[in-house]
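1. With the sequence up front, the predicted model follows.
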Amino acid sequence: MEEADSLLLSSLSPALKLLPAPAPNVSTLQSLLSLNLLYPVVSASLSVLDGGDVEELPKTTSKKHRACAKMAERVKAVGYSGEMGYNTILYPSLQSSRSLLSYLAESLQKNSQSLEELEAS
């Protein structure tokens, strides 16, 4: 499964480049979760997809809940049909994170292909 996670993370590289420097080297999904990087990775991915800003997770608990609820709404707005709420981002499980990041990676790839087609015409 680590190999699949590495492939998943590499497919998110356009979004990972948007993370504030220095972005830690993340080689597995488990390391991404343990470093609390799900929120910024989702935020960076969404910024590519919907043009929004890349956001950092706030420090206080109440602001974290509000920010994650807002982020969950953005994820739903780009078409994610899996279970999505503030808790999916704030308290991620490996399974839900893998599903979410797989969707975002696929969407980023489609977005990239669409941009290439527009530039070619």
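-> Done, it's in.

2. in this structure, which helix has the most residues?
-> As assigned by DSSP state H, the longest helix anywhere in the chain is helix 94-120.

3. What residues sit buried inside that helix?
-> 96-101, 103-105, 107-108, 111 (16 or more other CB atoms under 10 Å). Any C-beta I mention is one placed from the backbone N, CA and C, and that applies to glycine too.

4. tell me the mean pLDDT for it?
-> On average, the pLDDT along helix 94-120 is 83.

5. so what secondary structure elements neighbour it?
-> helix 2-11, helix 13-16, helix 29-34, helix 38-50 (3 or more CB pairs under 8 Å, 6 or more residues apart in numbering; DSSP states H and E).

6. Which of these has the lowest mean pLDDT?
-> Taking the mean pLDDT of those, helix 13-16 comes last: a mean of 77.

7. Buried deepest among the helices and strands packed on helix 94-120, which one?
-> Neighbour counts (mean count of other CB atoms under 10 Å) averaged over each of the helices and strands packed on helix 94-120 peak at helix 38-50, with a mean of 21.

8. hmm, back to that, list just the nearest of the buried residues of helix 94-120 to residue 12.
-> Residue 12 has its nearest neighbour among those in residue 105, at 5.2 Å by CB to CB.

9. if I read this right, residue 27 contacts residue 7, doesn't it?
-> No - using CB atoms under 8 Å, residue 27 is not in contact with residue 7; the gap is 11.3 Å.

10. Point to the residue nearest the middle of this protein.
-> Most central in the chain under CA atoms, centre = their mean is residue 42, positioned 2.1 Å from the mean C-alpha point.

11. residue contacts, that residue?
-> 71, 75, 89, 100-101, 104 (CB atoms under 8 Å, 6 or more residues apart in numbering).

12. try residue 16
-> So residue 16 contacts 9, 23, 26, 41, 44 (CB under 8 Å, 6+ apart).
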